[in-house]
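# could you work out the structure for the sequence below:
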Amino acid sequence: MAILENKYIIVGVLFLVIALSQLSCKSYFEPVKVENDFDRYRNEGIPIEPGKCFGKSGFIDSYTYEEELVAVYMGDDYGVKGLQFRKFLVEPEKSKFIWMTPSNREYPERPYNGYEWYFTKQEAKIGEFYEVIDTNFVRDFLYEKIKVAILYKGKHKEWVEVLCKEEMTKELIVKLKEALIEKGYGQKLNVNGKITRETYRALGYCQFNNDLPIGNLDLISFKFLGIEY
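All right, here's what the predicted structure looks like:
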């Protein structure tokens, strides 16, 4: 029997709500600049790098992939000794924000009367097969390689290096908006030197969709956007 792949519907978006809630939090706008109070920074887990600024960002689940050589049962008598039924994660659940318009037919089951960002919940892929664990009892099998997705690091928050206040110039904000527009996240942005709630919201969608730290003007996101600072 070949390895089967089933799909399971994703449920829950709690972490997403928590992560994007930072878009309106005071900490989102006020990075912590490392100066002289090293004990405070050490207690809070902030990297002690004088002169640099840090903000606490959210991270979604990170996965790694490992290959396994397994003995896949090819018979049809699943009651024989030496078998075990096994499920494994082929592809983890994936979610993203997409910009919807009345003419967008990617999700025809939902009516759209205007222009909006829509959170899509995609499906995980689960592999299923009967594995031969004792070849003394079972002969009808083939060795196959499977690729297993393994959770590397779960949802969490950590300090990342961000822009300091004095670095947030009008010229840099213009570059940020232009980069977001180029990446497809600038539908509600006006290209000027003002940073608004919509600027942070567009950046948050970009960060979430691309597995970037969520919730700050961080250097990792700026590098992804190709912005020099």
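# any idea how far Ser57 is from the closest residue in space to Thr101 that isn't next to it in sequence?
In space, and not counting its chain neighbours, Thr101 is closest to Tyr115: 5.4 Å by C-beta to C-beta, 6 or more residues apart in numbering. Heads up, the C-betas are built off the backbone N, CA and C, glycines and all. Going from Tyr115 to Ser57 by C-beta to C-beta, to the nearest Å gives 28 Å.
# who has more neighbours, these two?
Taking neighbours as other C-beta atoms under 10 Å, Tyr115 and Ser57 compare with Ser57 leading, 23 against 12.
# low-scoring stretches of this protein, by residue?
1-29, 102-114 (pLDDT under 70).
# the same query, at a cut-off of 50, please.
Counting by pLDDT under 50, the chain contains low-confidence residues at 1-19, 21-27.
# picking that back up, next up, the contacts around the residue nearest to Thr101.
Trp99, Met100, Thr101, Pro102, Gln187 (C-beta atoms under 8 Å, 6 or more residues apart in numbering).
# now do the helices in this structure.
Under the criterion DSSP state H, helices of the chain are mapped to 14-20, 26-29, 38-44, 170-183, 197-209, 219-225.
# can you lay out these as CSV showing distance to Arg139 and mean neighbour count?
Listed next are the helices of the chain as CSV, based on distance: least, C-beta to C-beta, whole Å; neighbours: other C-beta atoms under 10 Å:
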stretch, distance to Arg139, mean neighbour count
helix 14-20, 47, 16
helix 26-29, 62, 14
helix 38-44, 61, 12
helix 170-183, 55, 17
helix 197-209, 48, 21
helix 219-225, 52, 18
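# I'd like those helices laid out as CSV, including distance to Ile133.
Output for the helices of the chain, formatted as CSV (distance: least, C-beta to C-beta, whole Å):
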stretch, distance to Ile133
helix 14-20, 36
helix 26-29, 51
helix 38-44, 48
helix 170-183, 48
helix 197-209, 40
helix 219-225, 43
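# list the contacts for Glu116?
Trp99, Met100.
# re earlier: for the helices of the chain, which one sits closest to Val132?
Distance to Val132, taken as C-beta to C-beta, is lowest for helix 14-20 among those, at 38.2 Å.
# so who does the closest residue to Tyr205 other than its chain neighbours touch?
Distances taken as C-beta to C-beta, 6+ apart place Phe97 nearest to Tyr205, at 4.3 Å, with adjacent residues excluded. The contact partners of Phe97, taken as C-beta under 8 Å, 6+ apart, are Trp117, Tyr118, Phe119, Thr120, Tyr205, Phe208, Asn209.
# show me what the residue nearest to Tyr73 when sequence neighbours are not counted is bridged to.
Excluding the flanking residues, the one nearest Tyr73 by C-beta to C-beta, 6+ apart is Tyr130, at 4.0 Å. Tyr130 forms beta bridges with Phe85, as assigned by DSSP bridges.
# surely Lys87 and Tyr130 touch.
No. Applying C-beta atoms under 8 Å as the test, Lys87 and Tyr130 come out as separate, 11.0 Å apart.
# who has more neighbours, the two?
Tyr130 (21 against 12).
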